[in-house]
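Visitor: pasting a predicted model and its sequence here:
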Amino acid sequence: MLRKIIVFTAVFLIFTSLIVFCPVVTQWDRSVIIFLQDKLGFLPIQIFKLPDCILYSIMIALPLVGFGVYFVTKKLYKDAVFLCSVPLVTYILNYILKHIICRPRPPFELQIAGIHPDSYSYVSTHSLVMFCLWGMVIWYLYKYCNNKSWRIIGISISVLWILFVGLSRVMTGVHNPTDVLGAYLLGIVLLICFLDLRNYLIKTS
């Protein structure tokens, strides 16, 4: 586990350094946003605004409540507490990182959904929190779901939701593509750490 953490952390730091010190990356970001808004402009923008609406809260509460009830009924109390802590810890770490990097949001004119956040851009909070939370959902489905069909459906929904949230942040112009990619890279590091910590807690019980 430690080796994987070191490798993915190094990749994330290199990626972050390119964003901070290479202006051409931001230029590339702008081009990708414009390209996506042009090619997907035929779709109602309300679709891509969904992660900024109540659906975002629902998609956080859904796995916490669902797995929370399951864990409590199975007397897996540590798993219940652990899963509930994942989005909170992820949000706090992301908040700290954003104020270290201090990357500005994309230009106002690219924010086409009427959503104009005044916080920093890197990394995408929505993308990171969803990646970690629903990444844990995928792991728990592998571990506890014995029904193959339900497992496949659950994992497919999880993956599609993670990707949709990332796409929506770019499509609405509130995040750069590299903000989302950075969130996914950091999410891999955090997921490995979360799983390692979870396994340690369970073994010591």
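Guide: The structure has been received and is ready for your questions. If you're wondering where the values come from, they're calculated on a predicted model, not measured in any experiment. Residues are numbered from 1 along each chain as shown.
Visitor: what about residue 117, how many residues nearby?
Guide: Neighbours of residue 117 under the rule other Cβ atoms under 10 Å: 12. All C-beta atoms are positioned from the backbone trio N, CA, C, and that covers glycine.
Visitor: so it touches residue 174, yeah?
Guide: Yes - counting by Cβ atoms under 8 Å, residue 174 is a contact partner of residue 117 at 5.6 Å.
Visitor: what sits in contact with each of the two?
Guide: residue 105 (Cβ atoms under 8 Å, 6 or more residues apart in numbering).
Visitor: helices of this protein, residue ranges please.
Guide: Assigned by DSSP state H, the helices in the chain fall at 2-21, 23-39, 45-48, 54-73, 77-101, 125-144, 148-171, 177-203.
Visitor: what packs against the fourth one?
Guide: Packed against helix 54-73, as judged by 3 or more Cβ pairs under 8 Å, 6 or more residues apart in numbering; DSSP states H and E, are the following elements: helix 77-101, helix 125-144.
Visitor: so for it, mean pLDDT?
Guide: For helix 54-73, the mean per-residue pLDDT is 93.
Visitor: could you number the chain from 45 rather than 1 from now on?
Guide: With 45 as the first residue, the last one maps to helix 98-117.
Visitor: buried residues in that helix, which are they?
Guide: Burial within helix 98-117, assessed by neighbour count using 16 or more other Cβ atoms under 10 Å, is assigned to 100, 103-104, 107-108, 111-112, 115.
Visitor: do the fifth one as well
Guide: Counting neighbours by 16+ other Cβ under 10 Å, one finds that the buried residues in helix 121-145 are 123-124, 126-128, 130-131, 133-134, 137-138, 141-142.
Visitor: how about low-confidence regions in the protein?
Guide: Where the chain drops to pLDDT under 70, the residues are 249.
Visitor: make it 90
Guide: Across the chain, residues meeting the criterion (pLDDT under 90) sit at 45-48, 85, 94-99, 156-163, 189-190, 241-249.
Visitor: please report how far residue 229 lies from residue 78.
Guide: As judged by Cβ to Cβ, to the nearest Å, residue 229 and residue 78 stand 24 Å apart.
Visitor: over to residue 221?
Guide: From residue 221 across to residue 78, the span is 11 Å (Cβ to Cβ).
Visitor: with distance to residue 196 as added columns, please give the helices and strands packed on helix 98-117 in CSV.
Guide: Output for those, formatted as CSV (distance: least, Cβ to Cβ, whole Å):
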stretch, distance to residue 196
helix 121-145, 21
helix 169-188, 9
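Visitor: what's the closest of those to residue 208?
Guide: helix 169-188 (9.0 Å; Cβ to Cβ).
Visitor: return the set of buried residues in the closest one.
Guide: Result for helix 169-188 [16+ other Cβ under 10 Å]: buried residues 169-185.
Visitor: could I get the buried residues of helix 98-117 as a markdown table with distance to residue 189?
Guide: As requested, these are exported to a markdown table (distance: Cβ to Cβ, whole Å):
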| residue | distance to residue 189 |
| --- | --- |
| 100 | 24 |
| 103 | 18 |
| 104 | 20 |
| 107 | 13 |
| 108 | 17 |
| 111 | 11 |
| 112 | 16 |
| 115 | 13 |
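Visitor: good, wrapping up.
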